[in-house]
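Colleague: Quick one: sequence plus predicted model below, questions after.
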Amino acid sequence: MYPSLSRAIRMMGGLAFAATATSSVHAQAISPFTEEAEARGLVMQGITFPPQTGFYGFGAGFADIDNDGDPDAILLTNDDLRVGLFENDGTGHFTDRTLTCGIPSLASPSGFGAVDYDGDGDLDIVVSRVLQPVRLYRNEGNWTFSDVSVAAGLAQVNRIGKSVTWADYNNDGWVDLYMCNYRFVPGGPGASDNQLYRNNGNGTFTEVGASVGLNSAFPTLEAVWTDFDHDGDVDVYLSNDRGMTAGDPGNQFFRNDGGVFTDIGEQLGLSVNIDSMGLACGDFNRDGKVDFYCTNTAEDIPSDDWNFPLLLSTKKGMYVNSELIWGVAHPGTTWGWGCMFFDWNNDSWLDLYVCNMFEPNDLFQNNGAPQVENVTEAAAIGGSPGYPAAKYGASFADVDGDGDLDVMMNDQSVPVTLYINHEGEKRSWLRFRIIGDSPNTRAIGAFAQVTASGVTQVQEIYGGGNSYLGLNEQMLHFGLGSAKLASAASIRWPGTNAIRTFSSIPVNHRWTIYPTAKLGDADQDGDVDAVDRASLCAAKGAVQPGTEMLDFDGNFIIGQGDILAFKAKFIASGLRWADFSGDGHVDAADLAILLGAWGSSDCLKDLNGDGTISAPDLSILLGDWG
């Protein structure tokens with residue numbers, strides 16, 4: 001008997017048993033995370049370099065390169081040292097664009113950043129390198145890039161480049177570049193001071209680190225920009241290695257005072273003296289203030305100095321070491337590298353993921369109170385096992401668009417891994433794609449607050465730095481537990497401190513949030529005209545994805561209030577509200593059109609927005625005559 005036929009007979013005999021089972025075998029077989037990189041077209045081999053050369057991992061992360069609303073993948077890896085670019089089709093399946101994107105092989109790549117530095121609406125890529133010139137690649141569209149490093153003034157050498165982060169530190173609307181540089185490489189040359197490149201707004205940068213107080217000369221591996229005091233400008237926290245070395249300050253936190261920086265880390269309780277590597281940033285205890293987590297090396301001595309510090313904010317603005325209370329002190333023999341706060345199960349609490357060099361990674365589930373629960377094994381997200389697969393960095397994004405966060409890792413010596421999340425989709429969620437005012441088109445530094453079921457969460461858009469050498473997606477993701485509606489939200493744009501408020505926000509959607517200046521412009525061509533007016537009328541009722549720019553009052557209903565707000569913008573642009581024919585005049589032709597629609601609810605002819613074409617509309621037309 002053929003094996004397949006034998007199996008079929010046995011299966012038929014087991015149908016009665018299967019019918020009485022309490023859960024399906026298939027359902028039991030699905031772990032919270034499943035590794036699917038190769039199946040989804042994300043195929044690259046990790047580089048094998050000994051740590052002694054100063055590499056310590058390679059960047060990996062997500063960015064919407066083609067501006068279509070889903071996260072594409074960037075990987076600094078491969079046998080020929082190329083910058084791996086992978087296009088997401090929107091379902092989490094990827095097409096390799098590496099060999100056709102115009103970015104050549106690069107010696108000694110390290111970290112990367114992706115940002116719209118020139119304000120043209122698409123993301124450009126900068127790559128840090130070890131003792132090699134920095135490279136800036138301008139996005140030319142259609143997945144092609146050109147090297148503009150020298151013209152931009154970024155081709156510096158003799159530094160051990162690590163993290164790349166972006167922020168508008170001086171609130172001039174242009175995003176600036178901060179380069180973290182390491183110090184210790186046996187036998188290696190190189191200056192170690194960090195560099196802040198001010199964006200001049202014309203495609204060039206000027207290095208100003210020393211003049212503003214940000215040229216830290218200590219071995220910085222990561223940096224993250226955050227407005228910790230909510231005063232409208234971004235401050236920066238540095239994760240410095242070798243904090244026990246005589247003369248080194250440990251980690252540093254620089255407060256921004258009008259574009260000049262002061263190190264206040266010690267007085268805030270943030271200047272921990274450890275081998276600080278990875279850096280996580282977010283509101284871990286949900287008190288509305290930013291918290292930090294730093295990874296460290298492991299030692300056999302029982303000392304608090306060797307913990308992995310969880311630095312939680314207090315009401316007085318100080319920070320307290322809380323890793324022992326929360327159970328994330330991470331004692332053992334491992335060395336920690338990347339780490340990130342993200343809500344893996346959409347329960348509204350940020351969880352903590354830690355990359356461990358030669359031991360399984362850790363997923364610490366935050367259940368709202370100490371201590372956390374280590375769910376790594378149950379979630380099946382421990383990462384590549386043991387030597388030589390050294391684990392350095394991880395990044396998150398919702399790659400398949402199902403409303404939960406997936407995780408990518410670029411481990412040394414093994415292929416890239418992509419862990420697809422199946423747990424978070426069981427709960428409610430909300431995602432905000434925030435559109436910036438040009439030239440900061442991706443709203444780097446924006447601050448969002450969302451309330452659902454009486455619970456308020458806050459998040460910022462980071463320009464990198466929230467893990468190790470990579471980039472998490474910049475779409476804001478809020479897990480909402482069992483909430484059926486988000487009752488309120490507010491968005492504060494960077495630099496201008498302009499705020500929009502929202503109410504009655506439907507959950508389980510990705511919403512695009514526009515600044516006030518872009519409201520009413522349905523086709524986003526830069527003006528408000530008759531085409532947009534027709535779109536407004538077609539969109540009346542509940543806001544749908546793609547019509548968010550027509551919701552002026554933010555209540556997720558396009559109604560009379562929005563029509564009147566649109567009317568004000570329409571008239572302000574020099575157009576006549578009663579000019580139905582579009583000839584620039586209000587005359588008999590427009591009167592005939594109005595009378596032909598008399599008594600109907602034709603939105604385009606309803607000049608006062610009350611839902612019926614009647615005498616008040618005629619009065620408006622006559623007042624606009626001529």
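Modeller: Everything's here; your move.
Colleague: Which parts of the strand or helix carrying A151 count as buried, going by neighbours?
Modeller: Take DSSP states H and E as the rule and A151 turns out to sit in helix 149-152. For helix 149-152, burial by neighbour count (16 or more other C-beta atoms under 10 Å) applies to S149, A152. No exception for glycine: its C-beta is placed from N, CA and C like everyone else's.
Colleague: before we move on, what about stretch 369-382?
Modeller: Residues of stretch 369-382 classed as buried: V372, V375, T376, A379, A380, I381, G382 (neighbour count, 16+ other C-beta under 10 Å).
Colleague: Next, the distance between the ends of it.
Modeller: Taking C-alpha to C-alpha, to the nearest Å, stretch 369-382 runs 24 Å from one end to the other.
Colleague: Identify the residues contacting that stretch?
Modeller: Residues outside stretch 369-382 that contact it (C-beta atoms under 8 Å, 6 or more residues apart in numbering) are 31-34, 322, 325-328, 344, 351-353, 360-367, 407, 419, 423.
Colleague: Centre of the chain to stretch 308-315, how far?
Modeller: With C-alpha atoms, centre = their mean, to the nearest Å as the basis, stretch 308-315 stands 22 Å off its chain's centre.
Colleague: Buried residues in it, which are they?
Modeller: In stretch 308-315, counting by 16+ other C-beta under 10 Å, buried: F308, P309, L310, L311, L312, S313.
Colleague: And stretch 75-90, by the same measure?
Modeller: Going by neighbour count (16+ other C-beta under 10 Å), the buried part of stretch 75-90 is L75, L76, T77, N78, R82, V83, G84, L85, F86, E87, N88.
Colleague: Redo the buried residues of stretch 308-315 as TSV? Include secondary structure.
Modeller: Shown next, in TSV, are those (DSSP: H, G, I helix; E, B strand; the rest coil):
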residue	secondary structure
F308	coil
P309	coil
L310	strand
L311	strand
L312	strand
S313	strand
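Colleague: Could you dump those residues into TSV and include pLDDT?
Modeller: Formatted as TSV, the buried residues of stretch 308-315 follow (pLDDT from 0 to 100):
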residue	pLDDT
F308	92
P309	94
L310	97
L311	97
L312	98
S313	96
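Colleague: if we can go back for a sec, so which of the buried residues of stretch 75-90 would you say is closest to G250?
Modeller: Using C-beta to C-beta, L76 comes nearest to G250 of those, at 27.9 Å.
Colleague: Identify the residues contacting that closest one.
Modeller: Counting by C-beta under 8 Å, 6+ apart, L76 touches F58, G59, A60, V83, G84, P109, S110, G111, F112, V127, N410, L469.
Colleague: Which ones among those map onto strands?
Modeller: A60, V83, G84, P109, S110, G111, F112, V127 (DSSP state E).
Colleague: S108 is in contact with the last one, correct?
Modeller: No. Taking contacts as C-beta atoms under 8 Å, V127 lies outside contact range of S108: 9.8 Å.
Colleague: Which stretches in the chain count as helices?
Modeller: Using DSSP state H, the helices found in the chain span residues 3-13, 15-20, 25-29, 149-152, 209-212, 265-268, 323-326, 376-379, 530-538, 560-572, 588-596, 615-623.
Colleague: helices or strands next to the longest one in the packing?
Modeller: Just to be clear, that refers to helix 560-572. With contacts taken as 3 or more C-beta pairs under 8 Å, 6 or more residues apart in numbering; DSSP states H and E, helix 560-572 sits against helix 530-538.
Colleague: and the helix it packs on, what does it pack onto?
Modeller: Secondary-structure packing of helix 530-538 (3+ C-beta pairs under 8 Å, 6+ apart): helix 560-572.
Colleague: tell me the mean pLDDT for the helix it packs on?
Modeller: Average pLDDT, helix 560-572: 94.
Colleague: And it, what's buried?
Modeller: Neighbour-count burial for helix 560-572 [16+ other C-beta under 10 Å]: D562, I563, A565, F566, K567, K569, F570.
Colleague: and V450, bridged to which residues?
Modeller: Counting by DSSP bridges, V450 is bridged to Q457, A489.
Colleague: returning to that earlier point: among the helices of the chain, which is nearest G259?
Modeller: helix 209-212 (6.2 Å).
Colleague: ok, and what's touching the closest one?
Modeller: By C-beta under 8 Å, 6+ apart, helix 209-212 touches Y169, D193, N194, Q195, L196, N215, G259, V260, F261.
Colleague: And for L131, the neighbour number?
Modeller: Neighbours of L131 under the rule other C-beta atoms under 10 Å: 18.
Colleague: where's the residue nearest to the spatial centre of the chain relative to T91, distance?
Modeller: The chain has Q474 as the residue nearest its centroid, 1.8 Å off, counting by C-alpha atoms, centre = their mean. Distance of Q474 to T91, given as C-beta to C-beta, to the nearest Å: 20 Å.
Colleague: Just the pLDDT for R442.
Modeller: 96.
Colleague: and if you look at the one 3 residues further on?
Modeller: G445 is assigned a predicted lDDT (pLDDT) of 97.
Colleague: What are the neighbouring residues in contact with it?
Modeller: A167, D168, W225, D227, V234, E460, I461, G463, P494, G495.
Colleague: The last one: neighbour count?
Modeller: Going back to what we said before, that points to G495. G495: 21 neighbours (other C-beta under 10 Å).
Colleague: My guess is H509 contacts R433. True?
Modeller: No. H509 is beyond contact range of R433, at 10.8 Å (criterion: C-beta under 8 Å).
Colleague: which of these two has more neighbours?
Modeller: The neighbour comparison of H509 against R433 (other C-beta under 10 Å) goes to R433, with 19 against 16.
Colleague: who touches that one in this structure?
Modeller: R433 sits in contact with G69, M475, L476, R510, W511, T512, I513, where contact means C-beta under 8 Å, 6+ apart.
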